[in-house]
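Student: give the three-dimensional model of this entry:
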Amino acid sequence: MDGFAKGAKKKWQRMLGQEDEVEEQGILGDIRGDVDTCCGKYLKLTYKQRLYGFVYCFALGCIFGILGSALVALGKLTAFAVCYSIGTILSLTSSLFLWGPWHQMKNMFKETRWIATLVMLGSIILTIIAAVVWKSVALCIIFAAIQFLAFGWYCLTYIPYGRAIVKNCATSCCNV
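Tutor: Have a look, this model is predicted:
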């Protein structure tokens with residue numbers, strides 16, 4: 001194999017958790033052992049099983065999101081907040097099957113996406129609080145919208161130039 005093919009293969013193996021990665025110390029550096037201990041069974045899944053887990057978890061997340069959106073139309077605020085938030089969490093955690101828990105957590109707090117991660121996690125919590133504790137329909141809908149936008153922005157951080165393309169499109173649409 002030439003140098004490019006070897007580098008690409010190593011990168012994919014590292015992303016899929018098939019090769020040890022050189023560790024960096026950072027915000028999450030101290031908890032790696034805990035994550036590896038509690039999630040050690042992940043390492044025993046085959047590639048096919050991980051793909052199935054990803055697809056099923058992501059599909060369940062989408063189903064919960066759609067169900068939650070239907071529940072808001074019926075006026076069931078608490079059920080909406082819980083279902084919609086569970087849907088977001090399931091969609092987010094579906095990638096655990098592809099990359100493993102440690103790699104996922106480490107990537108969530110990289111320099112390019114830690115703000116999107118915190119906004120998304122905060123809006124999930126605030127959506128549920130707005131529905132269960134405050135019982136405010138307006139705040140619940142606002143936090144759910146922020147949750148949706150933050151999750152979309154978080155996903156765009158994984159697409160090369162994804163955020164730049166969306167920023168340019170939004171800028172061109174606003175300048176019309």
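Student: which of the residues in the helix ranked longest in the chain are buried?
Tutor: In terms of residue count, the longest helix belonging to the chain (DSSP state H) is helix 47-73. Residues of helix 47-73 classed as buried: 50, 53-54, 57-58, 61, 64-65, 68, 71-72 (neighbour count, 16 or more other Cβ atoms under 10 Å). For glycine as for every other residue, the C-beta is placed from the backbone atoms N, C-alpha and C.
Student: could you point out which element follows the helix or strand harbouring Leu139?
Tutor: Using DSSP states H and E, Leu139 sits within helix 137-156. Tracing the chain C-terminally past helix 137-156 and defining elements by DSSP H and E, one meets helix 162-174 next.
Student: show residues contacting that next one.
Tutor: 153, 155-157 (Cβ atoms under 8 Å, 6 or more residues apart in numbering).
Student: what does stretch 52-67 give?
Tutor: 45, 83-84, 86-98.
Student: buried members of the residues you listed into PyMOL, please.
Tutor: Buried subset of these, written as a PyMOL selection, criterion 16+ other Cβ under 10 Å:
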select buried, resi 83+84+86+87+88+89+90+91+92+93+94+95+96+97+98
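Student: so for the contacts of stretch 52-67, which is the shakiest by pLDDT?
Tutor: Across the set of these, Leu45 stands lowest in pLDDT, at 83.
Student: so who does that residue touch?
Tutor: Here Leu45 is in contact with 53, 97 (criterion: Cβ under 8 Å, 6+ apart).
Student: give me phi/psi at it?
Tutor: Backbone torsions of Leu45, given as degrees, to the nearest 10, read phi -80, psi 140.
Student: kindly report the same for Ile115.
Tutor: According to degrees, to the nearest 10, Ile115 has phi -70, psi -50.
Student: quick check: pLDDT value at it.
Tutor: At Ile115, pLDDT is 94.
Student: how many other residues sit next to it?
Tutor: When neighbours are counted by other Cβ atoms under 10 Å, Ile115 registers 13.
Student: just give the nearest non-adjacent residue to the spatially most central residue of the chain, would you?
Tutor: Taking Cα atoms, centre = their mean as the criterion, Leu92 is the residue nearest the geometric centre of the chain, at 2.9 Å. Distance criterion Cβ to Cβ, 6 or more residues apart in numbering; nearest residue to Leu92, sequence neighbours excluded, is Phe151 at 7.1 Å.
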